Each structure stands twice: as C-alpha cells, then as structure tokens.
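> return a 3D structure for these sequence lines:
(one chain, ligands or ions: 1)
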Amino acid sequence: MANEQPPSSEAGNSATRTPPEVRVRRIHRRDLNRAWEFLKLCFRDVNRETVEYQRPRLKKRFLEVYEEEGIEQLLFETKIANKDVIVGYAECAFEIVGSDNWMNQRYFSSRDMRPLYVEELAVHPELQGQGIGAFLLEQIEHLARVRGCTHLVLEVAENNENALKFYRTRNFYRLDAAIFLAKKISSEAELLPPRRLKKQPPKEMVKAIKAAPSPTRRRKSLG
Ligand SMILES: CC(C)(COP(=O)(O)OP(=O)(O)OC[C@H]1O[C@@H](n2cnc3c(N)ncnc32)[C@H](O)[C@@H]1OP(=O)(O)O)[C@@H](O)C(=O)NCCC(=O)NCCS
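Below is the predicted model:
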C-alpha cells in the first residue's frame with residue numbers, strides 16, 4: 001500500500017529531529033481496506049510460525065465487525081513523509097463475539113470477572129519495539145477501566161514468542177488454553193504386504209475356478 005511506508009523511506013528524518021507522534025482514533029468505514037492490508041502485513045511472519053487459526057481471519061468477517069455493536073476498532077496513526085500512516089490497530093469486544101470463539105462466558109461470570117476481550121493487537125513490523133504496543137495496550141486497559149471491566153482477556157499462540165513475552169512482562173497470566181499437541185507417526189504404506197495361506201486351496205475350488213470364464217471387463221455398449 002502506498003501509504004504504509006516504513007519510516008526509513010522518509011527523506012531527511014535525521015536522528016536529531018523529534019520523532020513523530022502516534023495518535024489514536026476510532027476507525028471509519030473509509031479506513032477498512034487500509035486497516036485490513038495493515039493487519040495482513042503485521043501477521044505475515046506470525047502466521048508462518050503458528051498452527052492456530054491464521055490472523056487476521058477473513059476479510060468478510062473483518063468488514064462485518066465494523067457493523068457490530070460493542071466492538072471497538074482503534075487505529076493508531078503517525079505522520080511519515082506528510083502522510084498519515086497506520087502504525088497500530090487494536091480491536092476489543094465487550095462480549096464474546098463470533099460463532100468460532102472458543103471462550104466460555106460462564107467461566108468469567110461465575111468468577112465475578114467482567115472481561116474486555118482483546119481481539120487483535122498489531123503494530124507495524126518495522127516499528128515494533130518502540131513502545132507502540134505499550135500504547136495500544138494502555139489504551140485498551142484505559143477503555144476497560146472506564147467501562148467497568150475487571151480483566152483483559154485474549155488468546156495468543158504459544159509459539160508467537162514476541163507477543164507472549166510482551167504480555168507476560170505486562171502481568172498477563174495464563175487462564176487455560178487449548179494446546180496443540182503433535183506426535184510423529186512413522187510413515188509406512190497404508191496396505192499391509194501379502195501374506196501366504198497356510199495350505200494350498202482345495203482341489204475342487206481350483207477346478208471350479210478353472211472352469212469359470214475369466215472375469216474380463218465388458219465394455220459398456222455405446223448404443
Ligand atoms: C506484540 C506486539 C503488539 C508488540 O508491539 P511493540 O510495539 O513491539 O511493543 P512495545 O514496543 O511496546 O514493547 C516491546 C516489548 O515487546 C518485545 N517485543 C515484541 N516484539 C518485538 C519486536 N518485533 N521487536 C522488538 N521488541 C519486541 C520487546 O522485548 C519489548 O519488551 P519490553 O517492553 O520489556 O521492552 C507486536 O510485536 C506485534 O504487532 N506483533 C505482531 C502481531 C501479533 O503477534 N499480535 C499479537 C497477537 S495476540
């Protein structure tokens with residue numbers, strides 16, 4: 001995407017200049033395609049390493065989310081080379097959404113937990129490690145507090161090591177999770193090798209088989 005240039009492409013962005021500010025705002029309909037492309041870029045490397053569902057899910061679903069109540073989609077932008085560039089995206093929901101969600105609402109209600117479900121957090125791959133992720137998370141935590149939620153809850157693949165480290169150092173703890181287990185099966189032919197009869201077939205059987213016409217395949221008549 002023309003707008004999603006990394007900061008290195010900004011001419012004259014010397015180390016002496018003050019780095020640009022990152023601003024947060026709610027997404028607009030006109031941002032949807034740009035945001036989708038941004039998410040694909042952010043998750044490209046993560047997806048290569050994870051067996052769980054791929055992120056972002058489906059564009060159709062992403063567009064539907066915009067229409068749904070109770071879901072916040074926040075864009076974090078900065079100006080690079082005088083253009084507004086998306087550098088972060090955060091999505092959270094006040095209720096469990098989507099039919100493919102594994103979470104059990106009763107788990108939380110029976111423990112007096114009112115979670116804010118963090119559906120997506122993503123930072124531009126070339127701007128990670130600069131505190132944007134912390135900004136995203138602080139914004140979501142702030143939203144949770146002002147809306148009376150007690151916890152942030154999210155799902156992360158165990159082999160998404162960067163993200164896991166990011167959450168762990170920010171006091172996220174494990175609730176419980178599906179763990180994808182695998183065991184290597186030695187590869188062999190599906191069908192077993194031939195096995196010898198214990199004795200010759202009975203003479204009568206051999207005779208009957210000899211007398212019977214050979215099972216040649218009849219061609220279907222084309223008439
Ligand atoms: C996880 C993610 C949102 C963190 O964003 P970020 O902007 O790099 O986060 P910050 O700069 O605020 O914090 C970086 C911290 O995470 C670690 N980190 C994670 N990814 C990093 C990266 N690619 N480069 C440098 N540090 C990274 C650093 O060790 C650092 O730790 P510290 O806070 O102790 O210094 C970002 O890596 C990302 O978008 N990843 C791809 C998408 C993804 O996996 N999202 C989460 C799905 S559940």
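> what lies in contact with the top helix by length along the chain?
Longest helix of the chain, by residue count under DSSP state H: helix 32-49. For helix 32-49, the external contacting residues (C-beta atoms under 8 Å, 6 or more residues apart in numbering) are 1, 3-4, 27, 54-56, 59, 62-63, 66, 73, 75, 86, 89, 120, 122-125, 157, 159-160, 163. All C-beta spots, glycine's among them, are computed from the backbone N, C-alpha and C.
> at 7 Å instead, please
1, 3-4, 27, 54-56, 59, 62-63, 66, 75, 86, 89, 120, 122-125, 159-160 (C-beta atoms under 7 Å, 6 or more residues apart in numbering).
> just the buried ones among those residues, please.
4, 27, 55-56, 62, 75, 86, 89, 120, 122-124, 160 (16 or more other C-beta atoms under 10 Å).
> which residues touch the following helix or strand past the longest helix of the chain?
Past helix 32-49, further along toward the C-terminus, the next helix or strand under DSSP states H and E is helix 59-67. Defining contact as C-beta under 7 Å, 6+ apart, one finds that helix 59-67 is touched by I27, R29, L32, W36, P56, I71, Q73.
> and those residues, which two are furthest apart?
The two members of the contacts of helix 59-67 with the most space between them (C-beta to C-beta) are R29 and P56, at 17.3 Å.
> how much space separates N159 from the ligand?
11 Å (C-beta to the nearest ligand atom, to the nearest Å).
> is it true that that residue touches E52?
No: the criterion here is C-beta atoms under 7 Å, and N159 misses it with E52 at 9.0 Å.
> from R147, how far off is the nearest residue to V118 once chain neighbours are set aside?
Closest residue in space to V118, ignoring its immediate chain neighbours: L154 at 3.9 Å, by C-beta to C-beta, 6 or more residues apart in numbering. Distance, L154 to R147, using C-beta to C-beta, to the nearest Å: 16 Å.
> residue numbers of the protein in contact with the ligand?
Selection of the chain residues close to the ligand by C-beta under 6 Å from any ligand atom yields 42-43, 46, 121-123, 128-134, 154, 156, 160, 162-163, 165-166, 169.
> so which of L154 and R147 has more stuff around it?
Between L154 and R147, counted using other C-beta atoms under 10 Å, L154 has the larger neighbour count: 19 against 12.
> so what pLDDT did that one get?
For L154, the pLDDT comes out at 92.
> need the phi and psi values for it.
Here is the backbone geometry of L154 (degrees, to the nearest 10): phi -150, psi 170.
> hang on, it packs against E120?
No: using C-beta under 7 Å as the test, L154 is too far from E120 to be in contact (9.0 Å).
> which outside residues touch stretch 144-157?
50, 52, 94, 113-118, 140-141, 163-164, 167.
> of those residues, which pair is most distant in space?
Within those, two members stand farthest from each other by C-beta to C-beta: T50 and R114, at 28.9 Å.
> looking at those two, which one has more neighbours?
T50 (18 against 13).
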